[in-house]
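J.: Got a sequence here, can you build the structure:
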Amino acid sequence: MLTPSLSELHDIPVLGLGTWRSSRTAVGEAISVALATGYRHIDCAYLYGNEKEIGNALRSSMEHLGLRRDEMFIVSKLWCTHFRPELVQKCCEQSLSDLGLHYIDLYLMHSPMAFQQPGASIFPVESDGVTISIDKVPLTDTWNAMENLVDAGLVKSIGLSNCNKHQIVRILTECRIKPVNLQIEAHVNFPNSELVSYTQSLGITVTAYAPLGSPGGFRGKTNLLNEKWISDIGIRKGKTNAQVLLRYLIQRGLIVIPKSVKPERIKENAQVFDFELTPEEMHLLNTMGLNERQFCFKNQMHHPEYPFHGDQ
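T.: Numbering: from 1, shown residues only. Here you go, the predicted model:
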């Protein structure tokens, strides 16, 4: 199985493997299974703390499968404690070292919110032990430093994550190198339709994280993998709920990065290119969910760059 790519839009494979909350002991096998299945897009981040293990698995699996580096698409992300311009390259170089790579295909600003500089914690907090300690770094200053990474050949392209429309406009107004991708939460329970449409209208690709609604991450939330009305669609197609959920996003023109460390799930998630949803099914999937964001970053709401006030 070879995953299609948006070749006219920066050659990002439509299907990638997410690695958030993939343990260091399990992520290596997940990478190996994914590459053997046909995945060529791996989504990583400094924050996730597993890039060394991902790098080891990439090297061994690529050698075993005879894959060249230019056949792979590796994403990583600048973490919020490194938003000061003088720290941006340091964070990128750490990811490059851990991943064992000479360059990263796409480097994203993980969030628009700068935190206090690196210390004992990647989530520095105030004296209450909960509220994030913020840093006052202009968003465009960080972006300018990311542009320098492209100039230096450390990354091929740069993009944004968890930004709202106004923050995207601010970057576009002052940037020298345009963002090629925006990674945001999007799934049946939170289609994020307005921001997706706006971003795509600018020629910026959109990646949906938590495309299955993050069923393992939030207790008490609706588990889309168990919803009967989605199963009914799947039965008609001979597909699982997960495959229907991923196909829904792909037909909206989004890139998807489902996370799993289970070999059977990784393989299942790849079987989404041999069927289509009807307009009626797409409408149902667009409108039947809760329209509720899962990732609210509540301990960061005091940040002047908090992106979700009014879900702009």
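
J.: For the spatially most distant residue from the centre of the chain, pull up the helix or strand it's in.
T.: Within the chain, S127 marks the point farthest from the mean C-alpha position, 31.1 Å out by CA atoms, centre = their mean. Element membership for S127, per DSSP states H and E: none, as it lies in no helix or strand.

J.: gap between it and Y107?
T.: For S127, the distance to Y107 equals 33 Å [CB to CB, to the nearest Å]. All C-beta spots, glycine's among them, are computed from the backbone N, C-alpha and C.

J.: likewise G203?
T.: 19 Å.

J.: swap in W143?
T.: 11 Å.

J.: Likewise for E71?
T.: 19 Å.

J.: now L246
T.: 25 Å.

J.: Kindly report the same for T37.
T.: 25 Å.

J.: Looking at the two, which has the bigger crowd around it?
T.: Neighbour totals were compared for T37 and Y107, and Y107 leads with 27 against 18 (other CB atoms under 10 Å).

J.: What is the helix or strand harbouring that one packed up against?
T.: In this assignment (DSSP H and E), Y107 forms part of strand 104-109. Applying 3 or more CB pairs under 8 Å, 6 or more residues apart in numbering; DSSP states H and E, one finds that strand 104-109 contacts strand 73-78, helix 85-99, helix 139-151, strand 155-161, strand 181-185.

J.: Now do the helices in the stretch 201-312 of the chain.
T.: 228-237, 241-251, 263-269, 279-287 (DSSP state H, counting those that start in this stretch).

J.: Serialize these to TSV and add fields for mean pLDDT.
T.: Output for the helices of the stretch 201-312 of the chain, formatted as TSV (pLDDT from 0 to 100):
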stretch	mean pLDDT
helix 228-237	97
helix 241-251	98
helix 263-269	98
helix 279-287	97
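
J.: winner for burial among those helices?
T.: When those are scored by mean count of other CB atoms under 10 Å, the highest mean neighbour count falls to helix 241-251 (a mean of 24).

J.: could you give the angle of that helix to helix 279-287?
T.: 100 degrees (axes from the mean of the first three to the mean of the last three CA atoms, to 10 degrees).

J.: Next, work out how far apart the residue lying closest to G253 once chain neighbours are set aside and I168 are.
T.: Distance criterion CB to CB, 6 or more residues apart in numbering; nearest residue to G253, sequence neighbours excluded, is Q200 at 6.0 Å. For Q200, the distance to I168 equals 12 Å [CB to CB].
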